[in-house]
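Trainee: Here is the input, now give the coordinates:
(2 chains)
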Amino acid sequence: MTKVLELNGITKRFGTLTANDDVTLTLEDGEILALLGENGAGKTTLMNILFGHYAADKGSVRVFGKELPPGLPRAAIEVGVGMVHQHFTLAGNLTVLENVMLGSEPLTRTRSARGEARKKLLQISERFGLPVNPEAKVRTLSVGERQRVEILKALYRDARILILDEPTAVLARPEAMRLFETLRDMTKEGLSLIFISHKLHEVMAASDRVAVLRGGRIVAERKTPETTPEELAELMVGRKVERPVRQDHEIGAPVLIAKDVSVEEDGDLRLDDVSFAVHAGEILGIVGVSGNGQSSFGALLSGLAHPSAGQLTLLNEDISHLGPRGMIHAGAGRVPEDRHAEGVVGELSLWENAVLERLRTPEFSHRGFVRQRAARDYTAGLIERFDIRGASPDTRTRLLSGGNMQKLILGRVLTNGPRFVLANQPTRGLDEGAIASVHAELLAARAEGAAILLISEELEEAVALSDRIQAIVKGRLSESISADEADPQRLGLMMAGVWKENDDAA
Amino acid sequence: MMRLERRSHVPLHLAIIAPLAAIFAALLLAAGLIAAADVNPLTAYGEMVNGTFGSRLSIAEMLTRATPLIFTGLAAAVAFRARLWNIGGEGQFFVGALITAWIGHSLGVPGWIGIPILMLAGMAAGAALLAGPAFLRLRFGVDEVVTTLLLNFIVILFVGLMIEGPLRDPLAFGWPSSVPVNGDYRLPDLIPRTRLHIGLLVAIAAASAVWLILARTVFGTETRAAGLNASAAAFAGIALPQTIMGVALLSGALAGLAGSVEVMGVTAGVTTTMSPGFGYAGIVVAMLAALHPAGVVAAAVFVATVFVGADAMSRATGVPSFIADVIVALCLLTMIVALLFTTYRVRR
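Mentor: Numbering: from 1, shown residues only, chains lettered A, B, ... in the order given. Have a look, this model is predicted:
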């Protein structure tokens, strides 16, 4: 085996933060190397240095034995390094072919060589098993297909080393598995791959070798068959992390009841005649492939969407037409799907975000004026109680890490003593340590008798936390099964729309 | 390769240096134009400073000009904070002025009660003028930049119509002016034998009030939240339409008050030339102030200095006084660039 890529003693500092500390790493020909680490461990910085987006303070990058000049992405592309970013960099209003060609033709050329380009694209597409329609507009493609275009874009520029930054972040489980099969096949065609991830099961399933990054340093390298998820988790976090386990206990009376609820958005039926109940002390898990109505579900239970038919009751009060404030007043707590877009206002301080939902209650305002001291004291309490690190009440909220931001949101929800909690993708994008603490908080709220509705795309999470599970498929809810009955096969069938009494099951 | 990196927070010294650097850059650019007119820019700027700060009278004149700019600057700052792009300060200024002259001409109550009534009338007129575009944006998604900007021209033409017609001052010897406000409603002088009136104190009080509203009240906090992240604000239960409408009413009222105070304090009657672009310059004032109410007062003084100083400079050197508009406009551009550097840092 020959080394196609060598990183030697890479060090990169941002101000006082050392993002990469003397990192040395090699990639062998035809190998899939997983770069594993928590958020903020320095994975993305390292790959940006390799690709030339950043210049390292110290150290060198050698590709096929040749040293790369620092800070020049074009040089990296020319020697055959391709990068697939976590957030796609495609133009939706252009076709697949146009996106692939974009940037690879000189500006001075008057006629673009569409015909040749198309031929080359189809060749690559066939050789690597990445089927696409070159004339399709990117806007019309699914996320999985868009990612394929991103990969093709890199291959079109003759990449022989491919770097994928969190490639599965936007994919549902089956799509992710398909991606890994494709990647495996691609190595047979002479490609070498690095993929960045913080998901253990992916690393175990897809890589030949794992390098674990923590605090900017490589703390371990393992051959994948010779390690275990437990060992990797411990290496990644630096200590033993165990997700808390759900204890059996008495389930109480129904708290939130949806009866024949339908939700329409822009004339489309997003939730179709849905009925369910969440009981005190119970976690009801809603699983499903993304885009099957989860966001409408979230909007309905947050007070942002209202039933076009049917009724939603919370503790026997009709909440069908209440807005967010009314829902909170009625005893609901809501953890939004996207913490940056909906959960917090990044430019406001922690204390302003902590009280934003209850700004108009007497606790935090008096005659139209904000009771700043009360709000700050309350926030200081949240920071202490929910272990929000590296922040004071006056810190700008966007400076928090994802995990700490989620703790802030959970804190403001749970300290209000909610009878019902909507937890919409509560651990998306969080690292292992933060996931464990979010799970612990949800289970603690359950133990205190809150009725919790968990919407999750992570099956492990849904199975571990939920007492009962229902699948959402095309806006309809499956029958509910208890967590004990929830084996992967059964869940897979449910998520595909196959369950008892589903007349239009395929 | 240069790249921009977001700063974790903007240090205070940068927040203060940014507008100063922007002003310096604008003056530097304008110096090129002054030099092109065959005048030494240093001489020209010297005349400008001298013309503004050289005498008690000129300082008073500068503060007189700063007064409406504080109001229109506040109007822009309040609106921009909530991402309501009110470009219609000029129109709101004129409706405030017109209604003040119209009612103030025939109102029959004593001054101490009449003046507040006229101020409220001006505010109501300005607020009403912005309520329309705000409603259209909330209801139909009509871009308020377009509607508020175009309303300016409609309002100024309307003012022209009124002062040539129903509100024409018969004693103005054909000079197109509206009827003047009753003498009882002229604002008392702040410094005797100058044009400076107590409107300046009202403006400073308005700046304090706006600061208090934005920083301390529920409405102000909700406004900031809605401006910075509308979907998070909506998720938290903040009623966006009401908040935006509230901001529109406040912003329009401030610009309308500018016109009202200018009529009662300076011009008595309305003419179509009474504003050298107070509404538009208010946008520059708000930007130079980084939308902060205290900064608005300082920025208004600067812009007023340019306006007043440019006349003196023009008299002494022959450079057209339009250079004032150029400098103010350049300040807007350089300030936007300066804001980029306070929010981001440049890295290699």
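
Trainee: Tell me who's in contact with the residue nearest to residue B:83 when sequence neighbours are not counted.
Mentor: Using C-beta to C-beta, 6 or more residues apart in numbering or on different chains and skipping the chain neighbours, the partner closest in space to residue B:83 is residue B:227 (4.6 Å). Every residue, glycine included, has its C-beta placed from N, CA and C. Contacts here follow C-beta atoms under 8 Å, 6 or more residues apart in numbering or on different chains; on that basis residue B:227 touches B:80-83.

Trainee: quick one: low-confidence parts of chain B?
Mentor: Flagging of chain B using pLDDT under 70 yields the residue ranges B:1-5, B:8, B:347-348.

Trainee: residues from it in reach of chain A?
Mentor: Residues of chain B lying close to chain A by C-beta under 8 Å from any C-beta of the partner chain are B:1, B:3, B:5, B:8-9, B:216-219, B:221-222, B:224-225, B:228-229, B:231-239, B:348.

Trainee: residues near the residue nearest to residue B:260 when sequence neighbours are not counted, how many?
Mentor: Counting by C-beta to C-beta, 6+ apart, residue B:260 lies nearest to residue B:122, which is 2.6 Å off, once chain neighbours are set aside. Residue B:122 sits with 33 neighbouring residues when counted by other C-beta atoms under 10 Å in any protein chain shown.

Trainee: now do the one 4 residues further on
Mentor: Other residues near residue B:126 number 35, with proximity taken as other C-beta under 10 Å.

Trainee: Now it: which helix or strand?
Mentor: Assigned by DSSP states H and E, residue B:126 belongs to helix B:111-140.

Trainee: Could you pull out the buried residues of stretch A:68-75?
Mentor: Burial within stretch A:68-75, assessed by neighbour count using 16 or more other C-beta atoms under 10 Å in any protein chain shown, is assigned to A:68, A:71, A:75.

Trainee: Now that stretch - C-alpha only, CSV.
Mentor: Output of stretch A:68-75 as CSV, limited to C-alpha atoms (Å, rounded to 0.1, in the frame of the first residue of the first chain):
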residue,chain,number,x,y,z
LEU,A,68,0.9,21.5,-1.5
PRO,A,69,1.3,25.2,-1.2
PRO,A,70,-0.8,26.4,1.8
GLY,A,71,-4.0,28.2,1.4
LEU,A,72,-4.7,27.5,-2.3
PRO,A,73,-7.8,25.4,-2.9
ARG,A,74,-7.0,25.4,-6.6
ALA,A,75,-3.7,23.6,-6.0
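
Trainee: circling back to that earlier point, could I get the phi/psi values of the residue nearest to residue B:83?
Mentor: Residue B:227 has phi and psi values of phi -70, psi -40 when expressed as degrees, to the nearest 10.

Trainee: need the helices for chain B, in chain order.
Mentor: Under the criterion DSSP state H, chain B carries helices at the ranges B:12-36, B:41-53, B:56-81, B:89-106, B:111-140, B:144-164, B:199-216, B:218-228, B:230-235, B:240-262, B:278-288, B:293-317, B:323-343.

Trainee: So which of the ones you listed is nearest residue A:142?
Mentor: Evaluated with C-beta to C-beta, the helices of chain B place helix B:230-235 nearest to residue A:142, the distance being 23.9 Å.

Trainee: Mind listing what's buried along that closest one?
Mentor: Using 16+ other C-beta under 10 Å, the residues of helix B:230-235 that count as buried are B:230-235.

Trainee: That helix packs against which elements?
Mentor: Helices and strands touching helix B:230-235, by 3 or more C-beta pairs under 8 Å, 6 or more residues apart in numbering or on different chains; DSSP states H and E, are helix B:218-228, helix B:240-262.

Trainee: surely residue A:59 meets residue A:21?
Mentor: No - contact criterion C-beta atoms under 8 Å: residue A:59 and residue A:21 do not qualify, at 10.2 Å.

Trainee: what's the overlap in contacts for these two?
Mentor: Contacts common to residue A:59 and residue A:21, judged by C-beta under 8 Å, 6+ apart, are residue A:11.

Trainee: In terms of helix, strand or coil, where does residue A:105 fall?
Mentor: Put simply, residue A:105 is coil when judged by DSSP: H, G, I helix; E, B strand; the rest coil.

Trainee: Near it, how many other residues are there?
Mentor: By the measure other C-beta under 10 Å, the count of residues near residue A:105 is 12.

Trainee: Give me the distance between it and residue A:28.
Mentor: Residue A:105 sits 33 Å away from residue A:28, going by C-beta to C-beta, to the nearest Å.

Trainee: Can you give the distance of stretch A:429-436 from its chain's centre?
Mentor: Between the centre of stretch A:429-436 and the centre of its host chain there is 11 Å, according to C-alpha atoms, centre = their mean, to the nearest Å.

Trainee: any idea of the mean pLDDT for it?
Mentor: Confidence over stretch A:429-436, taken as the mean pLDDT, stands at 83.

Trainee: same question, stretch A:31-42
Mentor: Averaged across stretch A:31-42, the pLDDT comes to 85.

Trainee: need the helices for the stretch 1-150 of chain A, in chain order.
Mentor: Counting by DSSP state H, counting those that start in this stretch, the stretch 1-150 of chain A has these helices, from start to end: A:43-51, A:73-79, A:96-101, A:114-127, A:143-156.

Trainee: err, the stretch 251-400 of chain A, not the other one
Mentor: Ranges of helices within the stretch 251-400 of chain A are A:294-302, A:324-330, A:350-355, A:372-385, based on DSSP H, counting those that start in this stretch.

Trainee: Can I get stretch A:356-374 as PDB, trimmed to CA atoms?
Mentor: C-alpha atoms of stretch A:356-374 as PDB (Å, rounded to 0.1, in the frame of the first residue of the first chain):
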ATOM      1  CA  LEU A 356     -38.400  35.300  25.400                       C
ATOM      2  CA  GLU A 357     -41.400  33.000  25.600                       C
ATOM      3  CA  ARG A 358     -42.600  34.400  28.900                       C
ATOM      4  CA  LEU A 359     -41.700  38.000  28.400                       C
ATOM      5  CA  ARG A 360     -45.300  39.100  29.000                       C
ATOM      6  CA  THR A 361     -45.800  37.200  32.200                       C
ATOM      7  CA  PRO A 362     -45.700  39.100  35.500                       C
ATOM      8  CA  GLU A 363     -42.600  37.000  36.400                       C
ATOM      9  CA  PHE A 364     -40.500  38.800  33.900                       C
ATOM     10  CA  SER A 365     -42.200  42.100  33.100                       C
ATOM     11  CA  HIS A 366     -44.000  44.800  35.000                       C
ATOM     12  CA  ARG A 367     -46.200  47.500  33.200                       C
ATOM     13  CA  GLY A 368     -44.500  46.800  29.900                       C
ATOM     14  CA  PHE A 369     -40.900  47.000  31.300                       C
ATOM     15  CA  VAL A 370     -38.700  43.900  31.400                       C
ATOM     16  CA  ARG A 371     -37.700  42.800  34.900                       C
ATOM     17  CA  GLN A 372     -34.100  42.500  33.900                       C
ATOM     18  CA  ARG A 373     -32.900  41.400  37.300                       C
ATOM     19  CA  ALA A 374     -35.400  38.700  37.600                       C
END
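
Trainee: Nice, that's everything, thank you.
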